[in-house]
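Asks: no sequence for this one, just the structure:
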């Protein structure tokens, strides 16, 4: 059985479409674990109604502590040997669960990583983030995530539940918290099956993100990188040092794009302690160039791209 962990905070308007995407799955052996994270709208009632309609649905009501803690609670409550994640305002394609289950055929496969559809609110597919089919080690997956070559979000992947037994969830980080969890799971994995199918629908909800909000997200991403460094470096040391440096550069690139400048202590620390030609060599070329221009000339070209 596959367990789908779905955090929900004030997501009343999305609950039905999220649930319907599960009902249309070609694989019917699933359970949905909804975590009501202290919602203040009608989410709690809507979720309790789902329980009455479908015995495959579990609902956990809790005080608001953020999506990372909500997912942790959901993992502990899940019954399935395989776990995947779904955000309340997103959906799965009809063959998602079946494809995940099929690709766990090899006993040494611990994670199945699929592509993602970027979908507009009116259900038009805007883009597909696809991967080439490959079987890699967990360490290789971790390295690719650190360079932005493999998405580090928890969604769009399925995991054997044992990977989370010793995973630590960060507190106080609202953006990038799934990176910290996903990367720990990757290093716990033996093999990762990367598939070419796009199984997750990330629905872009229109919003007016302010510059201040963009900077806050970028700062949280740097905090998440620091958490990964502090959590994993003592155990893996030199084996992941270059990868960690690349991760900081990836997050620094996002910080520059948000408009954060050299006056920011976290960005300054990242550039001083983790920048090198080696650490930027594996990330995308335009990000590497913008980081080098900032490091050597003090020019922030990223915010204009």
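Replies: Nice, thanks for sending it over. Computed from a predicted model, the values in this text were never measured in an experiment.

Asks: Please work out the average pLDDT along the longest strand along the chain.
Replies: Counting by DSSP state E, the longest strand found in the chain is strand 191-203. Across strand 191-203, the average pLDDT comes to 97.

Asks: And the residue nearest the centre of the chain?
Replies: residue 153 (1.5 Å; C-alpha atoms, centre = their mean).

Asks: ok, residue 160 to residue 87 distance?
Replies: Here residue 160 is placed at a distance of 21 Å from residue 87 (C-beta to C-beta, to the nearest Å). In this view, the C-beta of every residue, glycine as well, is placed from N, C-alpha and C.

Asks: for the longest helix anywhere in the chain, packing partners?
Replies: Longest among the helix segments of the chain by residue count, using DSSP state H, is helix 211-236. For helix 211-236, the packing partners by 3 or more C-beta pairs under 8 Å, 6 or more residues apart in numbering; DSSP states H and E come out as helix 177-188, helix 241-258, helix 265-274.

Asks: angle of it against helix 241-258?
Replies: Following axes from the mean of the first three to the mean of the last three C-alpha atoms, to 10 degrees, one obtains 180 degrees for the angle between helix 211-236 and helix 241-258.

Asks: buried residues in helix 211-236?
Replies: Using 16 or more other C-beta atoms under 10 Å as the test for burial, helix 211-236 gives 214-229, 231-232.

Asks: what's the answer for stretch 191-203, then?
Replies: Applying a neighbour-count criterion of 16+ other C-beta under 10 Å, the buried positions in stretch 191-203 are 191, 192, 193, 194, 195, 197, 198, 199, 200, 201, 202, 203.

Asks: How about the fifth one: what's its closest non-neighbour residue?
Replies: Of all residues not flanking residue 195 in the chain, residue 114 sits nearest, at 5.3 Å (C-beta to C-beta, 6 or more residues apart in numbering).

Asks: quick check, that neighbour in a helix?
Replies: No: using DSSP: H, G, I helix; E, B strand; the rest coil, the assignment for residue 114 is strand, not a helix.

Asks: In contact with it, which residues?
Replies: By C-beta atoms under 8 Å, 6 or more residues apart in numbering, the residues touching residue 114 are 96, 99, 100, 131, 156, 157, 195, 197, 198, 199, 200.

Asks: Cheers, nothing more for now.
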